[in-house]
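S.K.: Predicted model, plus sequence, below.
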Amino acid sequence: MKVLIFTCYKNLERFQSRVDNRTLLWGLDQANIDWELSIPWKPLPDLSQFDGAFSTLYAPLFRNFIYHCKVAEQKCREAGIPVINSCENYSPPHSFFLKQWKEAGIPCAGYEFFKDFDTVTLNYPMILRVDGVHRGLNMYFVSNRKEAQEAIDHQNELHQRYFPSREGPKPLNIAIEFVNTAGKDGFYEKKRCYVIGDKIIPAHYLRSVTRFVNYKDSLLDPATCAADKEYTLQDEFTDDYDLVMRAAKATGLDIITLDYSIKPNGEYVFWEGNRRRATAGDQRIKWLGIRPPDIVYGNTVAEFIRQKIEEASLVV
């Protein structure tokens, strides 16, 4: 069995700069699945030697990667080769997930788009952000109309000052209901898991004194690290498997990262999904290294690729 991997990286060394790519290759090697990297704007290799294709989605706009990847994927399909993790819908915005979850009855925050903030009807406090911008960037917590206008003015100033003629931090365009998940100790927590097919892999547990829980604001105290270890090293997923799987299936994506929190009363709230996930060990947080969940992720993706290839071979 051999897989063609679409990437924007020019060589193997650059490709392996990302942890998810390194662990993908690890998983394929462990599963005895041969692989070959392919840059889709270059001539494709002989497709008859491949059983499947897998698309990696980092840097989707580099040299119009997504366009070329779509063309390459279509050529694979025409050759009868199944495409796993297609680049279609490569980077859904936050509103995509909130909409899908609302329609499926998955607990999540309410939201409203706006051009004129006076049209927003959500109650305070709320979060204003640029829809689709991740890593906690361009997010503002506002408690009243004055703070909301200050946030809008600040974002517009950033846009005009630093990006007058090219893409940059766009104006705020979405208001999201603030769901308070803080416990009695005042800490906010967030969990992340990877969902591949019908498998859920706990990825990390973060805790923070700030409302926006991400790597840069997370506490690394012993209690948080112990909880993270307990969450990520469990033999079986102990949170609500059915609910988390429903949230994943509602997105329509076979491989997806989900962020969610559990309130002190036991209620769940889902925040966002991410196809292009930042992983512990990458760039700004590379000192964290490769963690056990990432190895499990690579092995699970490899087995999912095998499953999809075998299923395709049964289709006449």
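M.R.: Structure's in. What do you need?
S.K.: Start and end of stretch 246-263, how far apart?
M.R.: Stretch 246-263 has an end-to-end distance of 19 Å (CA to CA, to the nearest Å).
S.K.: any chance you could map the helices in the stretch 1-150 of the chain?
M.R.: 12-15, 19-30, 65-78, 94-104, 145-162 (DSSP state H, counting those that start in this stretch).
S.K.: buried ones in the second one?
M.R.: For helix 19-30, burial by neighbour count (16 or more other CB atoms under 10 Å) applies to Val19, Asp20, Asn21, Arg22, Thr23, Leu24, Leu25, Trp26, Gly27, Leu28. Backbone N, C-alpha and C define where each C-beta goes, glycine included.
S.K.: And the furthest pair within those?
M.R.: Pairwise distances across the buried residues of helix 19-30 peak at 15.0 Å for Val19 and Leu28 (criterion: CB to CB).
S.K.: re the thing from before, can I get the helices of the stretch 1-150 of the chain in JSON lines with distance to Cys87?
M.R.: What follows is the helices of the stretch 1-150 of the chain, written out as JSON lines (distance: least, CB to CB, whole Å):
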{"stretch": "helix 12-15", "distance to Cys87": "16"}
{"stretch": "helix 19-30", "distance to Cys87": "15"}
{"stretch": "helix 65-78", "distance to Cys87": "4"}
{"stretch": "helix 94-104", "distance to Cys87": "16"}
{"stretch": "helix 145-162", "distance to Cys87": "28"}
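S.K.: Looking at these, which is nearest to Ile176?
M.R.: Minimum separation from Ile176 across those (CB to CB) falls at helix 94-104, 7.4 Å.
S.K.: What is that closest one packed up against?
M.R.: strand 111-113, strand 174-177, helix 241-250, strand 268-274 (3 or more CB pairs under 8 Å, 6 or more residues apart in numbering; DSSP states H and E).
S.K.: And the ones you listed: which comes nearest Val301?
M.R.: Closest to Val301 of those is helix 241-250 (CB to CB; 14.4 Å).
S.K.: Next secondary structure element downstream of the closest one?
M.R.: strand 255-262 (DSSP states H and E).
S.K.: Direction included, what does that next one pair up with?
M.R.: strand 188-196 (antiparallel), strand 268-274 (antiparallel) (DSSP bridges).
S.K.: which ones are touching Leu24?
M.R.: Leu24 sits next to Ile5, Phe54, Thr56, Gly298, Val301, Ala302 when contact means CB atoms under 8 Å, 6 or more residues apart in numbering.
S.K.: 6 Å instead, please
M.R.: Leu24 sits next to Gly298, Val301 when contact means CB atoms under 6 Å, 6 or more residues apart in numbering.
S.K.: Start the count at 62 instead of 1 going forward.
M.R.: Happy to do that; since the first residue is 62 now, the last one works out to Leu85.
S.K.: Poorly predicted segments of the stretch 212-361 of the chain, please.
M.R.: Low-confidence segments of the stretch 212-361 of the chain (pLDDT under 70): 220, 222-231, 275-280, 339-350.
S.K.: quick one on the thing from earlier: would you turn the strands paired with strand 316-323 into TSV with distance to Asp301?
M.R.: Shown next, in TSV, are these (distance: least, CB to CB, whole Å):
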stretch	distance to Asp301
strand 249-257	11
strand 329-335	6
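S.K.: wait, what's in contact with Gly244?
M.R.: Pro325.
S.K.: May I ask you to confirm that Glu364 belongs to a helix?
M.R.: Yes - counting by DSSP: H, G, I helix; E, B strand; the rest coil, Glu364 falls inside a helix.
S.K.: Burial check on the residue lying closest to it once chain neighbours are set aside, number of neighbours?
M.R.: Spatially, and ignoring its direct neighbours in sequence, Glu364 is nearest to Ala92 (6.3 Å; CB to CB, 6 or more residues apart in numbering). Residues contacting Ala92 under the criterion other CB atoms under 10 Å number 16.
S.K.: okay, now the nearest residue to Ala165 once chain neighbours are set aside: neighbour count?
M.R.: In this structure, Ala165 finds its nearest non-sequential neighbour in Ala311, 4.0 Å apart by CB to CB, 6+ apart. Residues near Ala311, counting by other CB under 10 Å, number 21.
S.K.: mean confidence for stretch 166-178?
M.R.: The average pLDDT for stretch 166-178 rounds to 93.
S.K.: contacts for it?
M.R.: Against stretch 166-178 from outside (CB under 6 Å, 6+ apart): 159, 162, 181, 183, 209, 235-238, 240, 308, 311, 329-331.
S.K.: right, and the pair among those with maximum separation?
M.R.: Spatially, the most separated pair among the contacts of stretch 166-178 is Ala209 and Ala311, at 29.9 Å (CB to CB).
S.K.: give me the element the closest residue to Arg253 other than its chain neighbours is part of.
M.R.: Nearest non-adjacent residue to Arg253, counting by CB to CB, 6+ apart: Ala264, 4.3 Å away. Taking DSSP H and E as the definition, Ala264 sits inside strand 260-269.
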